[in-house]
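1. Build the 3D model from these lines:
(2 chains)
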Amino acid sequence: MHFNLKRRLHRKTFLVMKLSVIILLSACMQLYAKSYAQLVSLSEKNAPLEKVFRNIEKQTGYVFFYDHKLLDLAPKVSIDLRNAPLEKALDLCLKNQSLSWSIVNKNIVIKQRQASSEQFTATPPQDTLLNIKGKVLTDKGQPLPGATIVIKGTSNGVVTDPEGNFKIKVKRNTTIIVSYIGYKSQETTITDDQPQNFSLAEAATLTDEIVVVGYGTVKKSDLTGSLSQVKSKDITAYPSTNVMQALTGRAAGVRVMQNNGAPGASVSLRIRGTNSILGGNEPLYVIDGFPYNGNPTFLQNSDISSIEVLKDASSTAIYGSRGANGVVMITTKGGRKTDATSVEVEAGYTVQSVSKKMKLMNAQQYALLYNEQAANDGLSPYFTQSQIDSLGHNAGTDWQDLVLRKAPLYNMSATVNGGTSKTRFSLSSSAYLQDGIVKGSDYKRYNVRGNIEHDISKVVSVSLNTILTRLNSSRKNSSLGNRGSDLISGMLMAPPSLTPYLPDGSYRRLNTAYSFISNVIVNPLVHIYEESDRIKGDRVLSNAAFTIKPVKGLTIKISGGIDNLNDRVDQYNNIEPTVNSVGYANIETTQQTGLLNENVITYQREVNKHSFSVMGGFTYQDNTYTTLNASGTGFLSDVPGTGDIGGASTPGIPSSSYSKWVLLSYLGRANYSYNDKYLFTASIRRDGSSRYSKNNQWANFPSAAIAWKVANEEFLKHSRVISDMKVRASYGLSGNTSINPYQTLNQLSVGNTIFGDAASVAYAPGTTLPGDLKWEITHQLDVGADVGFLNNDLFITLDYYKKKTVNLLNTVRLPASMGYTTTLQNVGEIENKGFELGIDAAILKGALTWNVNANIAINRNKVLKLYNGQDIFGDAIYTGSLNDYVNILREGQPLGIFYGYKENGYTATGNLQYVDTNKDGAITAADKTYIGNPNPDFIYGLNSVLNYKGFELTIFIQGSQGNKIFNLNKAVSLDLGMGLNLPEEVYQSHWTAATPDAKYPKISRTLSANISDRFVEDGSYIRFKNIQLAYSLPAKKLGWNWLKSAQIYASGQNLITFTKYSWYDPEVNAYGGSNSIRQGIDYSVYPTYKSVTFGIRCGF
Amino acid sequence: MTSCSKKLEEHPKSIAAEVFYNTPSEVEAGLNAIYIPIRRVSTIGALYLCQQEIYAEYLYGRGSHAPLNDYNGLDNTNITRINSMWTDFYESIRDANIVIEKAPLGKSLTEADIKKYLGEARFLRGLCYFYLVRNWNGVPLRTENNMDSINLARATATDVYNYIIADLEWAEQNLPDNPRLVGAPSKWSAKSVLTDVYMTLHQYDKARDKALEVINAAKYALVKVTVADDFDKVFGPDISSSTEEVFYLKYARTPSGQGFSYPQYAHYPNSGYYPPGGYYTFYSDSEQNSFVKNWDKNDLRYTYCWYAKTFGLGATTILLKKFSDKSAVTAGGNDYPMYRYADILLFYAEAVAQAGGTPSSDAMEKLNMVHRRAYGKDPLTPDATIDFKLSDFSSQQAFIDLVVKERGYENCGEGKRWLDLKRLGIAQQVIAAIKGKTITERHMLWPIPTVEYNYNTAINPTTNQNPGY
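-> As a prediction, this is how the structure comes out:
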C-alpha cells in the first residue's frame, strides 16, 4: 500500500469525507489535508484522537475516514514522535484503542477492530432489511473507494472498498444518499434488492482542487491571486476547432473574439481588456509548463485536462515580460499511479450550416433598382421592360446557395491513462475533420500525444510530454475584398439576374456582364473551383523533465523542451480565361523552432503553524523563425499545380527571411502562510530580451499578494451559512514583449528594380524609423473574495481590478515627407478596470441534480496618454466607395472607438446629409465624432446542467451586451454605380420624393458617402451556445461489464441567438488580430455556422 | 551575466545601414532603391498617369476615377490616391538623400565614383521635386541636412524650383555621358529635365538652349515608322531601349512584380491587348470628343492610340491602346517614356517661338520631324505632302498652338498633357471647349495630404493648405 502514499504526493488532491449528515452540514468538521510528507512528528498530551488525526492530516496530506461516534468514545491519547513513518504513528495512536487503521487508496480508514473491512452495519438487523450490493464509480468509470452511502435522514451508512463496492442493509422504500467529496451526491430509493450502481459526476463547486499556476501548483483554497479554471468536460462540451473557442463564456473576464467563421480561423482572446496598442494583446499560453509562442490551435480539445486562466498580477508576474495580457495555462491529461488502465473514447458527428441566410434582392428587384439608378443619374435604362418582365418569372440565381453548403464535422479521440507503482502514462490519438460551410474549405487535424512519468528511485524521476499534430486545411478565406472581387463579397454582390455558367458550360465573366458593373467582380465559383489554397503543417511540442527530491521538501526540476513548427502553404490558380488567369503558383514554407530550458528549485517547509515555500529558477528560451517563398505565373497545364514551379513563364523573385529572439529570465517566489489563515505571496521575475535596445534589455517584474481565509477564524468556523470565505489582494507588474526582433536596429531591406530588361538589386531602409525601445509595463491591482455558502453549494468569486499600462509601445506617425511613415516609441498609457463575478451553485441534489455556474465581467478601458496627444487611427478600409479609417485611439476615450460622421436625414435631393458638428457651415473632417464603442458593457456566460437518472441536459448560454458593430457590409448600399447586388431592404426602403424617410438614400451613383453612424449597429447578443441532451447507458444493468461508462448525446450549437444585429452573425471581428486597432468591424467575412452534433463518450 | 547579455545581442541576417554605402556596388544598390517608390502602381506605375490623363481634354474617367472629370478637385478616394503619390515621391527623395549623405563617406570610393553617384541621386531628387511642385506647388524641402527634423514648413514654389535647378545643374555637370545602366540618367537626361523645368518657369531662352544642347549632341534620333504598329518600336513591350530614349522608367514582364501596370487600367478584359485583364478606367469617344474626332485619321498615331470597344456607354466608345502588351502574364513589359527625343524636339520648337517671339524655320523643322514620323515618313527628310509650312503658322501664337496640338497627339496617354495645359495657362479654355466643364480653383492643385500635415506641425492644415481643401 505504500504506493498509495506516493500517489498522494503526486496528486495532492484534497478530499473531505463525510460520514454523517451532521458532518456534512458542519463546516467546522471538515477535514483538511494539505502537506505532502509521509513522515510525521507529533507531540500531544491527552489530546482527543480527532485532534491528532487532524494534525496527521496536515502533515501528510492523507485524509481520515471514520464514524464520528467511534471517535467520540475513544480515549484521549498522548504521543511524542519525531519524523516517524506514518504507519508507525498510526499504530502508536491506536495502540490502546479499540480501533484499527488501514490505508485505502488515498485514505486512512479508521474502523472498529475486528469489523468487516467492507461493511459495518448501520442499523440494527431487522427481518425486513434488504441486502443491497452496489458499486460507486466516477462518471469516467473509475472506482471511488471511500465514498459514503448513508440512509437519508440518519447518520447511518457505509463506505466503499478500494474497488468502489459496498454492501448495505436497508428497509424497503428507504432513500440512500451516495456522496464523495468533490463529486455530486446522488440519491435513490430502494424498492427491491437489485444491485445499485452509481456513477458520480465531479462537482462544479470546489474550493479545494489543485490548480496550476506558473511554475507550480497550488490548492485553490490557498490561492492569493485571481484565476479561472475550465475543466475538460467544458472544453469538450461541443466540437470547436481550437481550444480558445472552447473558452468562450467559460471564464470570467476572458473575452473570446472569433474573427470569422472559417474553419481554422484565428481567434483573439482578451483577458481583462486590451492593454497595448502595438505590443500584442493575446495572452501567453503555457502548455504543460512550456511558454508557447503563439496561439495553440494545434491542440486537440480532448487532450486537455484543464485550463487555468491567470488574470491578476500576482499570478502573471511570474511570467514577467509576457504576463501583461494574462496567462492561459493548459494542462494535458496525465496518468495516475496504480490506476486501473482506463480507456476513454469519444466520437461525434456534426452537421454545420450557415447561421443565417442574407435576404438579398431577387433578379427583378435588381433590374428595377438599377434602372432607377440610371434614371436618377440621367442615363438610359439598363434593362428593357421585357427583360424586367422575363426576370420576374423566377427569383434568379441564389449565389449564397451556390457557395454555401451543409457541411459535416467528425471528431474522434481515444485516450488511455494508467500507471504502475513507478510509472504513470497517458496516451491519446485523435482526429478533427471539419468541412467548411463554404464549398471547398476544410480543416483536418490529427494528433498523437503521450505523457510519461517514471520514478527512477525515490529521489529521482523523469517525465516526457509530447504532442504531435498534423494539420491539413484547404482554405476559402475571404480576402475582405471590395465590390465582389473576392469569394464572399462576390457571393453577396453577384447579380441575381445572371446565371453562374454560360450555355457552353464555362463560367460567366461577371465584370463585363453589364456595362455598369464593377470591374473587379469575379464569379465566386471561380474562387471555389479554380483556385486552391492549402496549408499543411506539422507541430511538435515536447518537454522532458528531470526531477530530484534529495531531501524532504526540496524539489529540483530541470527541464528542456522543443517547440517546432513546419508549415507549407500551396496556392494554385488554374488557367481560367474568364478571370484572365494563365496559372499562378505560390509556395510558402515556414520553419519555427523554439528551445526552452528551465531550472527550478522549490523548497517547502512547515513549522508548527507556519508554512513556507520558496521557488527560484533560471530559464532560457529562444525562437528562430525562417521562411521561404517562391511563386510563378503562366503555366502550360494545371496538372503540375505547385509541383513544378520551374514551369512558370514568369517566375517571381524568391524571398526568404530569418529572425530570432532570446529571452533570459531569473525568477523567484515565496509563499508564507500562518495557521492556514493568512497567506502571503511575493514573486519577482527578471527578464532580458534580445528584442529591445541595448540599455533597455533587462527589466524586473515584482508582485505581492495577501489573502485572509476568514472562514478559518473562530467566528466563522461554526457558521452554518458561510462555509468558506477568503479575501485577497494583489499588486504587481508585468510586461509585454511582443515587438518583432530587430525593430531597434537600422537594417536595410532588399528590393528590386529594372534597368534595361533585367532586375537589379536595391537596398534601402524600410518605412519604419527604428526607435530606441524599452518594455511596456502593466501595473495591476486586484482585490477579490471567494465565498462559499451552505457547504459550498453556492460559491461566489468576486474580483475588482485596475490595470494601467505605461511606456506603451506606440506607432508614432511621421510626416510622409520624411520618407519614413512611422516610428515606434514608448509613449502612452492605457487603463483597464473592471469587475468579475463567478457563481457556482448546486441548486438541486438528489435524484435530480441541477448545477449552474455563471460568470459576468465588466471592463472599462480608457486611453490615458498618447504621443503628443496625437490620435492614432486604425488603417483605412477601402470598400470601393469608402476609404477611411473607422477606429480611433484618443486620449480620454475607450480603445478603438468608432469615429465618423453623424447622419441627419437626407438632403432635399435624397443625398446623405451629415451633421455639421462644429457648426462651421461646411461638412469637413472636423465634423467627425464618436459614433460607437466596440467594447462591450459586459460579457457573460451561464452553464446549467440537469441530471436525472442517467439523463443530462446541459444548456450553455453566452453573450455580450452593449458592444457596437461597424457593419461595413452596408457600404455596398451606398456604392450604387457598380451593379452590385444589395440587401432586399435597400430595394424596399430607399429615398424617393414620396418616401423621404426611407432607410437608404436615393439610388444614385453620385452619393457622397462617408464613414458614419449609419453603419453602427448594436452588437449585443445572447446565444444558446450549446444545448446538449446526454444519456448514460446503464452498462452494468445491461450486463456489459467490459464497459465502464457510455454516454450518448445530441447537441446543438448556436441554434438560438437573440440579437438585433442585421448581418450574418454578431460574433465577428473582420480585422481582428493581436495588435489590431480595427476592432468590431464586420466586412465580407466567411460566415459563421450553427450546428447539430450527435456523439458518444465511452470509458473502458 | 556578461555571457548572458551576449546571448541577447541580435544578429539579424540582413544588412545594417551603418556598414553600407562603402563600395561602388553598395552605393549603386542604394541608388537603385530611389527608383522603386516612384515606379510603383500607386504612382508612375499606373495611378499617377491615370489621374493626369483623365484631367486631359481627351479622356474620361470611369468608376472611382469618374469624379476626376468633374474638374472640382478630388473626392475621398482620389485624395487617398494622391496621398500615396506624395508618400512615394518623398520616399524616393529620402533614398536619394541617404545616398547624398553617405556616398561621400564611402571607404572604397574614388572621387569620380562619388561625383557620378551624387549626380544620379541629385538628378532623381530634383526630378521628384519637379513632380511635387507642379502638382502641389511649394512643398517641404527635405534635403540630406534636414532628413531627421520632423516638422518642416512648405517652401515656396520658387525655392523648390531653385533647388530643383541646383540639383539638376549639379547632375548635368557630374553625370556621365552615357548612363550607368539603361534606365539610369546621363548628363543629357539632366539637360532634358532642365528644359522641362525652364519651360514650366517660362524661361524659354534657357529651355531653348538646353534643348538645343541635347539635339546637337546627336545622341538621339526618332525611331522610324512606316505603319502604325511600328510605334511598338517606341512604346512596345518587347524593346529594351531605343534611339529615342532620353530618360525612361524601365519595367519588365519578368520577374513578376516588375511590370508596367498602367495598361491594366487602360484596357477592357479580353480585349487582347493586355491578357491579365483590365479595369478600362478611362475611355474616350470618337464622335463626342472633339479632340479625338478632329484627329486626322491618317495620322498613324491615331490608329496606334485607340481601339473601339462597346460596353454600354455608346457605340463610339474608344479605349487607349498606346500601352499594350499582348504577351503580358502579370504586367506589361512597356517602359514609361518620361523623356524621349520627340519631347525635346517639341520643347525646342515651342521654346524658340516663346523666347524669340517668332517661330524659326529650325523650330518648324523640329516640329515637322515629329509630325512626319507620325505619318510614316522619314523624320529627317522633308515631305511637302505632310510638312507644316512656316508661312501658315508665322505668328507666335499660331505656331505655339500648333506645337501644343502636336504635343497633344504625340504624348497622348503619356501623362504629360494636363501639366502642359497648366503650364501654358490654357487649361480652363481647353477643357471648357472640349469637355464643356468649368475648372474650379480647387482643381488646379492637389491638397497637402493628411499623412503630412497630421504629423508635421509646421504645416497648418487650414492656412497652409492648397485652395479649396
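
2. Enumerate the residues of the stretch 151-300 of chain B near chain A.
-> By Cβ under 8 Å from any Cβ of the partner chain, the residues of the stretch 151-300 of chain B that approach chain A are B:151-152, B:181-184, B:240-241, B:250-258, B:268-270, B:275-281. All C-beta spots, glycine's among them, are computed from the backbone N, C-alpha and C.

3. let's see it at 7 Å
-> Residues of the stretch 151-300 of chain B lying near chain A by Cβ under 7 Å from any Cβ of the partner chain: B:152, B:181-184, B:240-241, B:250-258, B:269, B:275-277, B:279-280.

4. Same question for the stretch 351-469 of chain B.
-> For the stretch 351-469 of chain B, the contact set with chain A under Cβ under 7 Å from any Cβ comprises B:449, B:451-452, B:454-456.

5. which non-adjacent residue is nearest the most centrally placed residue in chain B?
-> Centroid-nearest residue in chain B, with Cα atoms, centre = their mean: B:Met338, separated by 4.4 Å. The shortest distance from B:Met338 to any non-neighbouring residue, by Cβ to Cβ, 6 or more residues apart in numbering or on different chains, is to B:Phe247 (5.2 Å).

6. Without its sequence neighbours, what residue ends up closest to A:Ser479?
-> Per Cβ to Cβ, 6+ apart, closest to A:Ser479 is A:Asp486, 4.3 Å.

7. Just list the residues touching the closest residue to chain A within chain B, thanks.
-> As assessed by Cβ to the nearest Cβ, chain A sits closest to B:Gly312 within chain B, at 1.6 Å. Shown in contact with B:Gly312 (Cβ atoms under 7 Å, 6 or more residues apart in numbering or on different chains): A:514-516.

8. Recalculate using a threshold of 10 Å.
-> Residues near B:Gly312 by Cβ atoms under 10 Å, 6 or more residues apart in numbering or on different chains: A:379-380, A:382, A:512, A:514-517.

9. now do B:Gly272
-> B:307, B:324, B:326.

10. Now that we have those residues, which of them are buried?
-> Buried subset of those (neighbour count, 16 or more other Cβ atoms under 10 Å in any protein chain shown): B:307, B:324.

11. In strands, which of the contacts of B:Gly272 appear?
-> Counted as lying in strands by DSSP state E, out of the contacts of B:Gly272, are B:Tyr307.

12. Export the contacts of B:Gly272 to TSV and append columns for distance to chain A and pLDDT.
-> Output for the contacts of B:Gly272, formatted as TSV (distance: Cβ to the nearest Cβ, whole Å; pLDDT from 0 to 100):
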residue	distance to chain A	pLDDT
B:Tyr307	15	96
B:Ser324	14	96
B:Lys326	12	94
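
13. For B:Lys102, state which of the contacts of B:Gly272 is nearest.
-> Nearest to B:Lys102 among those, counting by Cβ to Cβ, is B:Ser324 at 40.9 Å.

14. OK, contacts around the closest one?
-> Counting by Cβ under 10 Å, 6+ apart, B:Ser324 has contacts B:232, B:235-237, B:263, B:266-267, B:271-274, B:304, B:307, B:332, B:334.

15. Can you name the residue of the stretch 401-550 of chain A nearest to chain B?
-> A:Ser515 (1.6 Å).

16. For that residue, which non-adjacent residue is closest in space?
-> Nearest non-adjacent residue to A:Ser515 (Cβ to Cβ, 6+ apart): B:Gly312, at 1.6 Å.
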